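Trainee: Here you go, sequence then predicted model.
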Amino acid sequence: MTCAIHQPQYYPWLGYFDKIAKVKSYLIMDDVQFVPRSLECRNNFIDAKGLPRILTVSVEKKDVREKKIRDVKVFDCAKWQKQHLGFLETAFRYSKYRGEVMDAIHPIFEKDYVFLQDVLMDTIFAIMRMLDINVPVSLQSELDYPKTDPALDGHARRGQDVLNLCLGMGASRYITGTGGSLQFLNPQSFKNAHIELLIQNYTCPRYAQAHTEAFIPNISALDAFFSCGIENTKRLFHENIAPDFPYDEYMRMHPLLKQPPPPRKLNRIHPLYGMARRVCLNTSPQKCHILFLRSRIHFLFFYSVSRSAGAMGWQS
């Protein structure tokens, strides 16, 4: 049996559902630590001006970093529901597919939620219905699976957690993405457990986005539905499904992934770029230009200082 595992997300991107459509059973990891300001409570959209916009589900802040996803509660539910619904109605008010998509998701903005997980699951199921994906979805908190040795930590523990979940599901094949999981999964452990490790083969299909000529990939799947309609998006999605890569084949195609990352230098510079990018999501193009110009000046200054120090033998 082929399976896949992932944390729940808020109106996920199409690649999330590509993985679901390829498996016989999909597991939602709800018994893991919640990560604030992540896709576990927000996602990216495009507003009516063609600019990126992040919609976030408000959650109770007290001890939220210590809670598991299934224990996180929403905060001021009616407020964020009104904001998100208002954004979608405004951003896509001229879309000829607005009515059919709003009919599919509108109940989510009327329901009185207590827990964040219920919000996320409803958004996932709503998109699965529109894409006509009929795959059983289960929760980690309800699965009986071998528990990881508490002596393990870091990447070893995370990799063993995933393997144990696969064993609990009775999987013979496991599909993982191309992100951080490749850093902690142990392919030999999967071979020893007789589970074939596959790497997801996915490229975001291009479509005519409603508010931008320059295609922006991997944002919330809702953008495709509002831009193309439910039937067209469904057809585009299923035609884009491709066979996944065996782990060894993928690593031969990407040999640099086997090498440890080079040591990072001048780490103090990177937050400047991150800060500029975050601010630019909600500011004018003129201010964006100023922010990136300032960050570039800082970079050149610190880079020249570090080069001079290295030339004089000051670097440790």
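Mentor: Everything's here; your move.

Trainee: tell me the phi and psi of the most centrally placed residue in the chain?
Mentor: Taking C-alpha atoms, centre = their mean as the criterion, residue 39 is the residue nearest the geometric centre of the chain, at 5.3 Å. Taking degrees, to the nearest 10, you get phi -70, psi 0 for the backbone angles of residue 39.

Trainee: Give me the nearest residue to it, chain neighbours excluded.
Mentor: Excluding its sequence neighbours, the residue lying closest to residue 39 (C-beta to C-beta, 6 or more residues apart in numbering) is residue 9, at 4.5 Å. For the C-beta atoms, the positions are set from N, CA and C on the backbone; glycine is no exception.

Trainee: cool, residue 133 as well?
Mentor: In space, residue 133 is closest to residue 21, 5.1 Å off (C-beta to C-beta, 6+ apart).

Trainee: Neighbours of that neighbour, how many?
Mentor: 19 (other C-beta atoms under 10 Å).

Trainee: and it, what does it touch?
Mentor: If a contact means C-beta atoms under 8 Å, 6 or more residues apart in numbering, then residue 21 has 131, 133, 135, 237-238, 241 as its contacts.

Trainee: Could you report the separation of it from residue 31?
Mentor: 24 Å (C-beta to C-beta, to the nearest Å).

Trainee: try residue 217
Mentor: Distance from residue 217 to residue 31, by C-beta to C-beta: 31 Å.

Trainee: Neighbour count: those two, which is higher?
Mentor: More crowded of residue 217 and residue 31, by other C-beta under 10 Å: residue 31, with 16 against 13.

Trainee: ok, the more buried one - contacts?
Mentor: Contacts of residue 31 by C-beta under 8 Å, 6+ apart are 68-70, 139-141.

Trainee: cool, residue 8 as well?
Mentor: Contacts of residue 8 by C-beta under 8 Å, 6+ apart are 28-30, 40, 69, 117, 120-121, 124.

Trainee: Quick one: mark the members of those that sit in helices.
Mentor: The helices, defined by DSSP state H, take in 117, 120-121, 124 from those.

Trainee: Alright, I will stop here.
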